[in-house]
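Engineer: Sequence plus the predicted model coming up.
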Amino acid sequence: MNMRSPYSISFYLLFCASSAFAAKMPIPADAPASYETECASCHMAYPPGLLSDKSWKNVMSGLSKHFATDASVDAKSQAEITSWLVKNATTRQKYSETAPENRITKTSWFIRKHDELRPDVWKRAGIKSPANCGACHIDAANGIFSESNIMIPAK
């Protein structure tokens, strides 16, 4: 293939751009303070682009039984957070499925991206759960999930 053809160059640029986009998913700047206060007090503040609007609605409508914990918030905060999550939910098809059991870690794209990990890796003291993104993705709190920026705890 002639790498100087316009088609080759366009394909290469598109490939690089899509790879870079997939690795970066920062929290939108308009995040309500209640998102950090309420949600990030128990787990990392997941970027809303990791789930579809339907999945976020499902998560937010079941806060009284949020993964075996009562994560209920006042009505104003719930409406504010839900609205923001839905507004910023994914529009990309690869993330758009409704998350089984409302879990990011049960989506087909998550499973596909982590399929090389043995089940015992998730049980390491430094990880504890597939939902603990920051254990391996050292810049997860900034929405950066680049494969070149991973450090899997040995224990």
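Structural biologist: All right, it came through fine.
Engineer: Only C-alpha atoms from now on, for both contacts and neighbour counts.
Structural biologist: Noted.
Engineer: Tell me, how many residues neighbour Ile138?
Structural biologist: 17 (other CA atoms under 10 Å).
Engineer: correct me, but it touches Met151?
Structural biologist: Yes. In this structure, Ile138 is within contact of Met151 by CA atoms under 8 Å, at 6.8 Å.
Engineer: In contact with the residue most central in space within the chain, which residues?
Structural biologist: Central residue of the chain (CA atoms, centre = their mean): Leu50, 3.7 Å from the mean position. Leu50 sits next to Ala89, Thr90, Tyr95, Ile104 when contact means CA atoms under 8 Å, 6 or more residues apart in numbering.
Engineer: buried ones in stretch 63-81?
Structural biologist: Across stretch 63-81, burial judged by 16 or more other CA atoms under 10 Å covers Leu63, Ser72, Val73, Ser77, Gln78, Ile81.
Engineer: pLDDT weak spots in the protein?
Structural biologist: 1-23 (pLDDT under 70).
Engineer: Any chance of the backbone angles for Ile81?
Structural biologist: With angles defined as degrees, to the nearest 10, Ile81 sits at phi -70, psi -50.
Engineer: Tell me the secondary structure of the residue lying closest to Gly49 once chain neighbours are set aside, please.
Structural biologist: In this structure, Gly49 finds its nearest non-sequential neighbour in Thr90, 4.2 Å apart by CA to CA, 6 or more residues apart in numbering. State at Thr90, reduced to three classes by DSSP: H, G, I helix; E, B strand; the rest coil: coil.
Engineer: from here on, count from 689
Structural biologist: New numbering, starting at 689: the last item is Thr778.
Engineer: Thr778 and Asp741 touch, don't they?
Structural biologist: Yes. Assessed by CA under 8 Å, Thr778 is found in contact with Asp741 at 7.1 Å.
Engineer: For these two, work out which one has more neighbours and name it.
Structural biologist: Set side by side, Thr778 and Asp741 show more neighbours around Asp741, with 24 against 19, by other CA under 10 Å.
Engineer: Now the more buried one. Nearest residue, chain neighbours left out?
Structural biologist: Nearest one to Asp741, counting by CA to CA, 6+ apart, is Val774 at 4.6 Å.
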